[in-house]
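S.K.: Quick one: sequence and predicted model below, then my questions.
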Amino acid sequence: MKLNAHNLVMSAMFGGRRGPRPAVGNPTSIACHGLMEKAGVFFPEAHLDAQAMAALALAGHEIVGFDTVMPEYSVVQEAAALGAQVDWGDRDKMPDVKGFPNADFSAILMPQDFLEKPSCRVVLDAIGILRRQVGGRVAIIGKVMGPWTLAYHMAGTQNFLLAVGMGESAKVTRMLRQLMPVTIAFINAQFAAGADIVVLADHATRNLVGPHHYKEYLLPIHQEIMAQVGGPIILHVCGNCADRLELFAESGVDAYHFEWQVDAREAVRRLGGRLSLAGNINNAQTLLQGTPEDVFRQTRYAIDAGVHLIGPECAIPLSTPLENLRAIVAAGHEGYR
Amino acid sequence: MTDHLHTIKAAVIGGRHGEIKGLVQQALDAGLDPAAIINDALIAAMDVVGKDFGDGKIFVPEMLVSAVTMKAGLDVVKPCLTGGESQSRGTVIMATVKGDLHDIGKNLVSMMLEGAGFKVMDLGTDLSVDKLIDQVKTIQPDILGLSALLTTTMPEMQNVIGALKAQGLRDKVKVLVGGAPVDRVFAEKIGADGYGANAAEAVELARRLTGAKA
């Protein structure tokens, strides 16, 4: 926990007490076709219009029963505001970056009106709407991409990782440091807009890079981000990150949103005293292809292991059955054993 | 193994991309068989790199540099192959499925397949079912390699296989699938012919499936 007035007071308010059941939350998107139909809001509108964005987030609470509302479904809001070419997709397709404006590692300057760019403004406005609608009753989660993910978007993932592999550390660090103010500004703006928690999503995942890359390039940057932002931060890094859990704890974040590939008991044993743990329900096999019973069982395992905020491990596939999301909530409502 | 081959192999494993062209040229000048340079040094190195990646000893940045190094070496040695030696082990279409723009895994597999002697037609990313079917009809590959990084796009692989069946093409091409969220269970469920957890496995699978031609 970062020592600031807000966090100290919030911690004092609850004094370490917990309720009869764990919280069910989504640090990343739970938008799926079933939820869009129930909410009457679809992609790409939900990425581009604040009312639609907030309505779909609210549906996650009102229709499925999650204890959180998280209104950002894409990972490209910041990149779009920085000038990357974005395909906003459609009902069946998530947005993605199509053109990389800094593939040559040219200097990236955050525009003065960055927070007023439409793709950022829409998120801030949606958070404000949610604050007015459910503030104090449902936890509002914001989401911001970290410099590593932003570098993928601005330089191209392969291009950026090739520079890492070639040992071009000055070039890599320069780009990360140029992107860091973007992350800090958007996190602070989301708190100011009304977010209770913000997710810092930075995909230094084991599928791509090693713990040594995280330690060398990103850990100091995450520490600096944490020094410059306010409230509770959940770090999201997907993939099996069992080889770098302790490094995440060193970053100063308050929670880690993790995948099923890291065993929940092991994660709690290694980090439980230093960080809260969120997520852990498998997307591809359990939520997408499994039955509600499969989801229920896996959720109970995570609860019994001591995961603090139960939910999907990452943004869910759009064809995830709604009843599988409800099974997470049902398992959560069974309470602690 | 000769010193030349050993040195080339070590250079690829170590990602010494600046040195590789000179090292391969030296080996050719010394009279080494171009096919041996490819099979016993360049490809053999990538087999080691692929295994190290699978074992979590190295990661994508290191693997990318090794792949770039191997490709630079291949560019020097390929023009020296005789007709028989340059015969392809088979034709592979590689693509990332519709809705998915991620291509590192696919690119690595493409580079390694090319190194392993396959003719690779890399169609890029965000490929619709219709476009893939058209290309399968036109190119008539031995293998169709499909990649997806997102759990949101992996169901598209099933759509491609369904369309191949509907068009009567399913028995004419082997379908390999891969990508971070994909696993063997999913591959079997959608009726793919194989799943590679990493680039090295994908190459091994391609070799096996085209055994008659290898």
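M.R.: Arrived safely.

S.K.: Grab the nearest non-local neighbour of B:M121.
M.R.: B:I93 (5.0 Å; C-beta to C-beta, 6 or more residues apart in numbering or on different chains). Every C-beta, even on glycine, is put in place using the N, C-alpha and C of the backbone.

S.K.: what's the distance between B:F59 and chain A?
M.R.: Using C-beta to the nearest C-beta, to the nearest Å, B:F59 is found at 4 Å from chain A.

S.K.: Now do the helices in chain B.
M.R.: In chain B, the helices defined using DSSP state H lie at B:3-13, B:20-29, B:34-36, B:44-54, B:60-77, B:104-115, B:129-139, B:155-166, B:184-189, B:199-209.

S.K.: With mean pLDDT as added columns, please give those in TSV.
M.R.: As requested, those are exported to TSV (pLDDT from 0 to 100):
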stretch	mean pLDDT
helix B:3-13	96
helix B:20-29	96
helix B:34-36	90
helix B:44-54	87
helix B:60-77	93
helix B:104-115	87
helix B:129-139	95
helix B:155-166	94
helix B:184-189	90
helix B:199-209	87
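
S.K.: Name the stretch among these that sits most buried.
M.R.: Of all the helices of chain B, helix B:104-115 has the most neighbours on average by mean count of other C-beta atoms under 10 Å in any protein chain shown, namely a mean of 25.

S.K.: can you tell me how far A:I141 sits from A:A278?
M.R.: Going from A:I141 to A:A278 by C-beta to C-beta, to the nearest Å gives 10 Å.

S.K.: which residues are common contacts for these two?
M.R.: A:G25, A:P27, A:I234 (C-beta atoms under 8 Å, 6 or more residues apart in numbering or on different chains).

S.K.: between those, which is nearest B:K71?
M.R.: A:P27 (39.1 Å; C-beta to C-beta).

S.K.: Please look at that closest one and A:H257 and confirm they touch.
M.R.: Yes: shown here, A:P27 and A:H257 form a contact pair, counting by C-beta atoms under 8 Å, at 4.3 Å.

S.K.: Spit out the contact partners of the residue of chain B found nearest chain A.
M.R.: Chain B approaches chain A most closely through B:P61 (3.2 Å), counting by C-beta to the nearest C-beta. By C-beta under 8 Å, 6+ apart, B:P61 lies in contact with A:L161, A:L162, A:V164, A:G165, A:M166, A:L208, A:V209, A:H213.

S.K.: what does A:L58 give?
M.R.: A:A39, A:V69, A:L130, A:Q133, A:V134.

S.K.: Select from the residues you listed every entry located in strands.
M.R.: Using DSSP state E, the members of these that fall in strands are A:V69.

S.K.: Mind putting the contacts of A:L58 into TSV with neighbour count?
M.R.: Output for these, formatted as TSV (neighbours: other C-beta atoms under 10 Å in any protein chain shown):
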residue	neighbour count
A:A39	19
A:V69	29
A:L130	28
A:Q133	17
A:V134	18
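
S.K.: now, which of the contacts of A:L58 sits nearest B:G191?
M.R.: Of the contacts of A:L58, the one sitting nearest to B:G191 (C-beta to C-beta) turns out to be A:A39, at 34.0 Å.

S.K.: In contact with the closest residue to the closest one other than its chain neighbours, which residues are there?
M.R.: Spatially, and ignoring its direct neighbours in sequence, A:A39 is nearest to A:A59 (3.7 Å; C-beta to C-beta, 6+ apart). In this structure, A:A59 makes contact with A:L35, A:K38, A:A39, A:V41, judged by C-beta under 8 Å, 6+ apart.

S.K.: how far does the helix or strand where A:A59 lies sit from the chain's center?
M.R.: Using DSSP states H and E, A:A59 sits within helix A:50-62. Centre-to-centre, helix A:50-62 and its host chain are 17 Å apart (C-alpha atoms, centre = their mean, to the nearest Å).

S.K.: again, but for stretch A:186-200
M.R.: 12 Å.

S.K.: For it, give the mean pLDDT please.
M.R.: Per-residue pLDDT over stretch A:186-200 has a mean of 98.

S.K.: same deal with stretch A:149-163?
M.R.: 95.

S.K.: first to last residue in that stretch, what's the distance?
M.R.: 15 Å (C-alpha to C-alpha, to the nearest Å).

S.K.: Pull up the residues of chain B that are close to chain A.
M.R.: B:15, B:17, B:56, B:58-65, B:68, B:98-104, B:107, B:150-155, B:180-183, B:185-186, B:189 (C-beta under 8 Å from any C-beta of the partner chain).

S.K.: all helices for the stretch 51-200 of chain A, in order.
M.R.: Along the stretch 51-200 of chain A, counting by DSSP state H, counting those that start in this stretch, helices occupy A:77-81, A:118-134, A:147-155, A:157-165, A:169-193.

S.K.: contacting residues for the nearest residue to B:F59 once chain neighbours are set aside?
M.R.: Distances taken as C-beta to C-beta, 6+ apart place A:G210 nearest to B:F59, at 4.3 Å, with adjacent residues excluded. Residues near A:G210 by C-beta under 8 Å, 6+ apart: A:D243, B:G56, B:I58, B:F59.

S.K.: at 10 Å what do you get?
M.R.: Each residue near A:G210 by C-beta atoms under 10 Å, 6 or more residues apart in numbering or on different chains is listed here: A:V164, A:A204, A:E216, A:D243, A:R244, B:G56, B:K57, B:I58, B:F59, B:V60, B:P61, B:E62.

S.K.: got it, and A:E334?
M.R.: With C-beta under 10 Å, 6+ apart, A:E334 has these contacts: A:R21, A:P22, A:F296, A:T299, A:R300, A:I303.

S.K.: Now do the same contact list for the second one.
M.R.: This points to A:P22. By C-beta under 10 Å, 6+ apart, the neighbours of A:P22 are A:67, A:299, A:302-303, A:306-311, A:331-336.

S.K.: Tell me, how many residues neighbour the closest residue to B:S128 other than its chain neighbours?
M.R.: Distances taken as C-beta to C-beta, 6+ apart put B:K98 closest to B:S128, at 4.9 Å, once the chain neighbours are dropped. Using other C-beta atoms under 10 Å in any protein chain shown, B:K98 has 21 other residues around it.

S.K.: B:K98 is in contact with B:D130, isn't it?
M.R.: Yes: in terms of C-beta atoms under 10 Å, B:K98 counts as a neighbour of B:D130; the distance is 9.4 Å.

S.K.: Which of the helices or strands spans A:M226?
M.R.: Going by DSSP H and E, A:M226 is part of helix A:219-228.

S.K.: Before I go, just wanted to say thanks for your time.
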